[in-house]
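Novice: Please work out how this folds:
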Amino acid sequence: MKKKSLFLLTGILIAALLPYFYLSFFCFPSGDDYCHMLSSHGPGEGINKALSEYLDWNGRYISNFLTYFSPVHGSSLLHYQLVPIILILLGVLSIYWLLLQITFGAQFSKKQLWLLSMLITLFYLWQMADIAQGIYWYASSSAYFAGNIFCLFQLGLFIRLISKDRLSNPFLSHLVSLVILFVSIGFNETGMAFMFIFYFLLYVFLLFKKSSKKNIVLLYLMVSVLGGFLMVLAPGNEVRFSNFHQNMNLFYSLGWSLMQSLRFGAEWVSSLPLIFFSLIALAGANLFEKTVLAKTDVRFLLLIIGSILFFSSFLPYWATGLLGQHRTINFAFFFFIFAWFSFIISVSLKYKIHVVLSIFLQKEIIFYLTLASLLIIISTKNGYKVSYDIIYGNHKKYLYEQLMRQKIILQNPNTEICYIPPLLNRPQSLFVMDVESGNFDWRDYCICNYYGNSKSEIK
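Specialist: Down below sits the predicted model:
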């Protein structure tokens, strides 16, 4: 690809990412955020509340601590608004780290890997089922997007260690990797399931192949089981489950999970950017002939893809009886990207598809396919939502209304009823939830207690 073409694509890629960073400065706490902020006001309260959450609500033994150490202090929003930026940057870094291990043995420069990491990040943000909850809502992003990042760092480290025949300090290296695995499992139930399935399937395949590396993989599987038990057997799960109807219904959960798997699987694989990038990956698979992907069983990757699609829906249906807010789908798509392209490249290498396809996909065609993909990403789905909110100023109006609400509440401390105006602007890229008129529920309670009011009502 010519330098001018690469420069153009790089410029478009950076320009497409910038709006996601920009919108971070207009996100505002909502719902659970206020409950967590309330609980972490005093010294030690955050730790006590996180432990209480484990006993009374869910088994997320890592993300509970993150959510209850809220980045909001008083009426200042800066720390809260910096979180999405930090997470996106860490997302790019974690992708780069994993790509560095997957492509070891291939002739990729660090610059190329950084650009590819940025492209995957943009693709992920574009396809997210719910961008507001995925990035701009701390209560969700601290459990799911942060969980994505830790899982990728762990998988990258594992691939690095398992691919080497000799390690200078194998005990310490694997110990660090196992600790990161244990931590990554503690973010959310979907991550717990994915990591267990990955190491379980890998162990089974290595066992049948009588590989000498099966014993070390068994150790990783045991740690994933330990973390899984710690999460699943948490006393708080029983309390949480009792708040939902139609949950823990096997046939209901299986039926809906299968339908949702088909729904999201079809949506993901039918998107034009994924089709275009898949063609490029098929044609360029020869670049990976000396990497770990050339040794990876295609059946293993196919099972991983199926598991990602199924369990991202099954777990919420089993636990709550509904798919709800698509946080697990956001989480799953992050893994799907890597599983899908690993599968595509492995299939191409196995059946020599790249030999034929590379004849037709010349550098000029690859350039136009990439350019078309970037333009589609900018102009559709979350790219469209972000652009629309910025162009029409919805993000600024939303933040202004929220700040005016906050000002009204702060100017009326300890009042029995504090009337606040309804939100007129609810940008698709930022809005998560709001209090409901005439219905004093947990959201009202957390907001009121955080600001010191006994009751808040929309008028």
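Novice: for the protein, what are the low-confidence residue spans?
Specialist: Within the chain, the ranges that satisfy pLDDT under 70 run 1, 38-44, 73-75, 165-166, 437-440, 453-459.
Novice: Return the distance of G284 relative to L361.
Specialist: Per CB to CB, to the nearest Å, G284 is found 8 Å from L361. (C-beta placed from N, C-alpha, C; glycine too.)
Novice: got it, and F229?
Specialist: 48 Å.
Novice: More neighbours: which of the two?
Specialist: L361 (17 against 12; other CB atoms under 10 Å).
Novice: Could you pull up the residues touching that one?
Specialist: For L361, the contact set (CB atoms under 8 Å, 6 or more residues apart in numbering) comprises L279, I280, A283, L369.
Novice: Repeat the analysis, applying 10 Å as the threshold.
Specialist: L361 is in contact with L279, I280, L282, A283, G284, H354, L369, counting by CB atoms under 10 Å, 6 or more residues apart in numbering.
Novice: tell me, what's touching G284 and L361 both at once?
Specialist: H354.
Novice: want to throw the contacts of L361 into JSON lines with distance to A319 and neighbour count?
Specialist: Rendered in JSON lines, the data for those read as follows (distance: CB to CB, whole Å; neighbours: other CB atoms under 10 Å):
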{"residue": "L279", "distance to A319": "38", "neighbour count": "17"}
{"residue": "I280", "distance to A319": "39", "neighbour count": "18"}
{"residue": "L282", "distance to A319": "38", "neighbour count": "21"}
{"residue": "A283", "distance to A319": "42", "neighbour count": "23"}
{"residue": "G284", "distance to A319": "41", "neighbour count": "17"}
{"residue": "H354", "distance to A319": "42", "neighbour count": "22"}
{"residue": "L369", "distance to A319": "41", "neighbour count": "19"}
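Novice: Those: which two are farthest apart?
Specialist: Farthest pair in the contacts of L361 (CB to CB) is H354 and L369. Separation: 15.4 Å.
Novice: so where do the strands sit in this structure?
Specialist: 418-420, 456-458 (DSSP state E).
Novice: quick one: strands adjacent to the first one?
Specialist: Which is strand 418-420. Sheet pairing for strand 418-420, assigned by DSSP bridges, gives strand 456-458 (parallel).
Novice: quick one: Y392 and M259, what's the gap?
Specialist: In terms of CB to CB, Y392 sits 35 Å off from M259.
Novice: and the gap between L202 and V347?
Specialist: Counting by CB to CB, the gap from L202 to V347 is 19 Å.
Novice: okay, those two: which has more neighbours?
Specialist: L202 (23 against 17).
Novice: Run a quick check on that one versus V292, I expect a contact.
Specialist: No: at 11.9 Å, L202 does not count as touching V292 under the criterion of CB atoms under 10 Å.
Novice: which residues do those two both contact?
Specialist: With CB under 10 Å, 6+ apart as the test, L202 and V292 both reach I162.
Novice: mind listing the helices for the stretch 151-300 of the chain?
Specialist: Using DSSP state H, counting those that start in this stretch, the helices of the stretch 151-300 of the chain run over residues 170-185, 189-208, 214-232, 235-241, 250-269, 272-283, 298-320.
Novice: dump the residue contacts of M404.
Specialist: Here M404 is in contact with I420, P421 (CB under 10 Å, 6+ apart).
Novice: Give me the domain ranges for this protein.
Specialist: Domain assignment for the chain, taken from automatic domain parsing, gives 19-143+378-459, 249-360.
Novice: Of those domains, which is nearest F194?
Specialist: If you check each of those against F194 by CB to CB, domain 249-360 wins as the nearest, at 6.0 Å.
Novice: just how off-centre is that closest one within its chain?
Specialist: With CA atoms, centre = their mean, to the nearest Å as the basis, domain 249-360 stands 15 Å off its chain's centre.
Novice: what's the answer for stretch 170-177, then?
Specialist: 26 Å.
Novice: mind listing what the closest residue to S63 other than its chain neighbours touches?
Specialist: In this structure, S63 finds its nearest non-sequential neighbour in A143, 3.8 Å apart by CB to CB, 6 or more residues apart in numbering. Residues near A143 by CB under 10 Å, 6+ apart: 58, 60, 62-64, 66-67, 186-191, 327, 331.
Novice: hmm, which of those are the buried ones?
Specialist: Neighbour counting by 16 or more other CB atoms under 10 Å classes 58, 60, 62-64, 66-67, 186-191, 327, 331 among the contacts of A143 as buried.
Novice: Among these, which one lies nearest to S387?
Specialist: For those, the nearest to S387 is R327 (23.7 Å; CB to CB).
Novice: Noted, bye for now.
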